[in-house]
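*Asks:* Predicted model and sequence follow; I will ask about them next.
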Amino acid sequence: RGWRRYPTAGDVPASLIQSGRRLRGFAVSVGDGDNFRFYHLPWLRRAVYAVLLPRRIARLRRMGRPFAARTIHIRLAGVDAPECAHFGMPGQKYGPAARVWLRRRLRGQVVEVKLHSRDQYQRIVASTYARTWWWPLPGSRRNVSAELARAGYAVVYRGGGAQYA
């Protein structure tokens with residue numbers, strides 16, 4: 001339980017999602033204003049990798065696409081941000097600004113995700129929490145979805161199957 005790492009969204013058991021389990025790890029890349037790639041790192045491995053992990057992530061990033069295959073694709077719960085241009089489709093206004101905001105807030109940070117469900121693209125829909133300070137004081141953990149909406153880069157998602165923290 002404290003050693004098992006889930007490398008992709010497909011590897012996360014449905015029982016963990018249904019129970020609303022929390023996972024910790026690193027946000028390694030941001031794809032859009034409302035989703036990112038998450039490198040799950042259980043608590044026992046975090047202790048072992050404390051020194052080695054920054055070098056390991058840098059090495060894996062240089063690998064490019066194969067690294068993305070070893071991360072969990074997370075969709076932020078409860079918000080909808082403008083889309084960036086991809087797959088030949090034009091982007092929406094403020095999409096790049098939302099992505100830059102999320103990238104500055106999350107990339108390389110230790111984050112905690114509370115699992116809610118899988119969406120139609122097989123991403124994990126999760127409430128994401130990031131620390132605002134390096135020491136775990138009460139109130140130092142912030143809900144990234146709420147911060148994104150408060151900053152004006154996203155709206156509350158009211159579509160079918162919406163998940164909220």
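*Replies:* Right, received. Where do you want to start?
*Asks:* Run through the residues that contact L16.
*Replies:* By CB atoms under 8 Å, 6 or more residues apart in numbering, the residues touching L16 are 23, 115. C-betas here are computed from N, CA, C, even on glycine.
*Asks:* and it, helix, strand or coil?
*Replies:* Remark: L16 carries the secondary structure label helix [criterion: DSSP: H, G, I helix; E, B strand; the rest coil].
*Asks:* in terms of contact, does P42 touch R5 like I think?
*Replies:* Yes: at 5.9 Å, P42 counts as touching R5 under the criterion of CB atoms under 8 Å.
*Asks:* Who has more neighbours out of those two?
*Replies:* Under the criterion of other CB atoms under 10 Å, the comparison of P42 against R5 puts P42 first, with 17 against 14.
*Asks:* Name the helix or strand for S127, please.
*Replies:* strand 124-131 (DSSP states H and E).
*Asks:* meant to ask about E147, not that
*Replies:* Judged by DSSP H and E, E147 forms part of helix 144-150.
*Asks:* And the strand holding S127, what's buried?
*Replies:* For strand 124-131, burial by neighbour count (16 or more other CB atoms under 10 Å) applies to 124-130.
*Asks:* Would you mind giving these as TSV with pLDDT added?
*Replies:* Written out in TSV, the entries for the buried residues of strand 124-131 read as follows (pLDDT from 0 to 100):
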residue	pLDDT
I124	96
V125	95
A126	95
S127	95
T128	95
Y129	94
A130	91
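*Asks:* on that earlier part again, any idea how far the helix or strand following the helix holding E147 is from the chain center?
*Replies:* Proceeding N to C from helix 144-150, the next assigned helix or strand is strand 155-156, under DSSP H and E. Shown here is strand 155-156, whose average C-alpha point lies 17 Å from the average C-alpha point of the whole chain (CA atoms, centre = their mean, to the nearest Å).
*Asks:* can you confirm V111 is in a strand?
*Replies:* Yes: assignment of V111 by three-state DSSP places it within a strand.
*Asks:* State the distance from it to K93.
*Replies:* V111 sits 27 Å away from K93, going by CB to CB, to the nearest Å.
*Asks:* So if I had to pick from those two, which one is more boxed in?
*Replies:* Using other CB under 10 Å as the criterion, V111 and K93 rank with V111 on top: 23 against 7.
*Asks:* Now the closest residue to A69 other than its chain neighbours. Its backbone dihedrals?
*Replies:* Closest residue to A69 apart from its sequence neighbours, by CB to CB, 6 or more residues apart in numbering: T8 at 6.8 Å. Here is the backbone geometry of T8 (degrees, to the nearest 10): phi -140, psi 170.
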